[in-house]
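# Show me the folded form of this:
(one chain, ligands or ions: 2)
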Amino acid sequence: MASALVKLSRASVILGEKLALDEVSWEVRKGQSWVIIGPNGSGKTTLLGVINGYNWPSQGEVTVLGQRFGNVDLRELRKKIGIVSSLMNQWFESNEKVLDVVVSGKYGSTKLWRAPAKGDFERARALLSTLGCAHCAGRSLKEVSQGERQKIVITRALMGRPRLLTLDEPCEGLDLRARESFLEGLAALSQQKAPTIIDVTHRTDEIPRGFTHALLLKEGKVVAAGKTEEVITGKNLSNCFDVSVRVKRFGGRFYTLVDELDYKRTPKE
Ligand SMILES: Nc1ncnc2c1ncn2[C@@H]1O[C@H](COP(=O)(O)OP(=O)(O)OP(=O)(O)O)[C@@H](O)[C@H]1O
Ligand SMILES: [Mg+2]
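Ligands and ions are numbered 1, 2, ... in the order given. As a prediction, this is how the structure comes out:
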C-alpha cells in the first residue's frame, strides 16, 4: 500500500484554553479523496490548519508529505499544498484578470508581478476547463459569479501542482446551481487522483460524487473514519450532530433527512 500523505497519531491541539483536537489519529493515502464533516466548533478548520502547518500539535505526531513536524521547512511544505478557503476571496481585487489570478498561484503571489513562463497561460486555461470555467478565462473577477470565482480560486491553487489540495467549506455562499456545478468540478478533479483532495463541510449533500473517504469529527474527536458509504450513515451522523437523522443515497450523493418528530438529543453547550 502507498505510504500516507498525511498521518496524525494521537495529535492534540490546544487553541487558547480550548482543546480543539483531542488525540486525533488519521491517515490519508494517495488515490483517496476525503471529506471532513462535523458540527460548528468540532475542529475541522483546526485540522486543516495542522495539515498546512498553521496549528501546532501540543502532543502526538504529525507527518505531512513524508515530513515529520518538528523537523520540517514549513515554507517548502506549503508550496506543495493548495489551500482554498473563503477568506482568500478578499485577497483579490475585482478588476484583476481571471487568467492572471490563476497564473499567480504558480508564483505564490496574488498579483502577476513578473512575466509568466511559456505555457503558464495554456495550463491555466486547461485547468479552468477541467472545472467547467473555460468561458471565464478572458474576463476580470468582477465579471464572474461567486461560484465561478470559487472555481477560479481552486484553479489558482492547482497552478503550483500541489500534491494535496485542502478546501474549507468551499460551497459557502453558493446558490443551488452554482453549488451543483462546483461539486461536479470537484468530482471531476478527484477522478484525476492528483492532487489528493481534503474537503471540509457541514453537510452531506456537499460531498462530491465519488469522494472515497469521510472523517466525522465531534468536539475535537474522531467519531468515524473510513469509506464514505460506511461512514455517512444515519447512526453516525445522529451521533455526530446530536439530532436524529436518516441518510438517503441518490445518484452517488448523500442527503440527510432530519427526523423532526424525534430530536432525540440536545447538544451539550
Ligand atoms: N484562535 C482560537 N483561540 C481559541 N479557541 C479557538 C481558536 N480558534 C478556534 N477555537 C475553538 O476551537 C474549536 C474548534 O474550532 P474550529 O474552527 O476548528 O471548528 P470548525 O469545526 O471549523 O467549526 P465551523 O464549522 O464553525 O467552521 C472551537 O471550539 C473554537 O471556538
Ligand atoms: Mg471551520
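
# Run a quick neighbour tally on residue 68.
Residue 68 has 11 neighbours, counted by other CB atoms under 10 Å. (Each C-beta comes from the backbone N, C-alpha and C, glycine too.)

# Residue 104: how many residues sit nearby?
Quick note: residue 104 (other CB under 10 Å) scores 23 neighbours.

# Give me the distance between the residue of the stretch 151-269 of the chain found nearest ligand 2 and residue 238.
Here the residue of the stretch 151-269 of the chain nearest ligand 2 is residue 168; by CB to the ion that distance is 6.0 Å. For residue 168, the distance to residue 238 (CB to CB, to the nearest Å) stands at 25 Å.

# swap in residue 125?
Applying CB to CB to residue 125 and residue 238 gives a distance of 45 Å.

# Tell me which of the two has more neighbours.
residue 238 (20 against 16).

# What about the residue lying closest to residue 107 once chain neighbours are set aside, how many residues nearby?
Here the nearest residue to residue 107 in space, its sequence neighbours aside, is residue 114; by CB to CB, 6 or more residues apart in numbering that works out to 6.9 Å. Other residues lying near residue 114 total 9 when counted by other CB under 10 Å.

# repeat for residue 122
9.

# With residue 214 instead?
24.

# Am I right that it is in a strand?
Yes. Assessed with DSSP: H, G, I helix; E, B strand; the rest coil, residue 214 lies in a strand.

# Which residues does it form beta bridges with?
Under DSSP bridges, the beta-bridge partners of residue 214 are residue 35, residue 226.

# please begin residue numbering at 24 from this point
New numbering, starting at 24: the last item is residue 237.

# State the distance from it to residue 61.
10 Å.

# Check residue 183 too.
28 Å.

# Sketch out the low-pLDDT regions of the stretch 24-173 of the chain for me.
24-25, 110-113, 131-136 (pLDDT under 70).

# I'd guessed the residue of the stretch 174-292 of the chain closest to ligand 2 sits against residue 77; true?
No. Assessed by CB atoms under 8 Å, residue 191 is found out of contact with residue 77, at 11.5 Å.

# Comparing those two, which shows the higher neighbour count?
Neighbours were counted for residue 191 and for residue 77 using other CB under 10 Å; residue 191 has more, 22 against 13.

# wait, what's in contact with that one?
Residue 191 is in contact with 67, 68, 71, 107, 108, 109, 223, counting by CB atoms under 8 Å, 6 or more residues apart in numbering.

# between those, which has the most around it?
Busiest of the contacts of residue 191 [other CB under 10 Å] is residue 107, holding 25 neighbours.

# Could you look up the SS state of the nearest residue in space to it that is not next to it in sequence?
Among residues not flanking residue 107 along the chain, residue 190 sits closest, at 4.3 Å (CB to CB, 6+ apart). Following three-state DSSP, residue 190 is assigned to strand.

# Residue 190: neighbour count?
24.

# Can you tell me who it pairs with across the strands?
Under the criterion used here (DSSP bridges), residue 190 is bridged to residue 107, residue 222.

# List the contacts of it.
Counting by CB under 8 Å, 6+ apart, residue 190 has contacts 107, 108, 177, 209, 220, 221, 222, 223.

# repeat for residue 82
Taking CB under 8 Å, 6+ apart, one finds 33, 34, 35, 46 in contact with residue 82.

# any chance of those residues in a markdown table, plus distance to residue 267?
As requested, these are arranged in a markdown table below (distance: CB to CB, whole Å):
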| residue | distance to residue 267 |
| --- | --- |
| 33 | 31 |
| 34 | 31 |
| 35 | 30 |
| 46 | 28 |
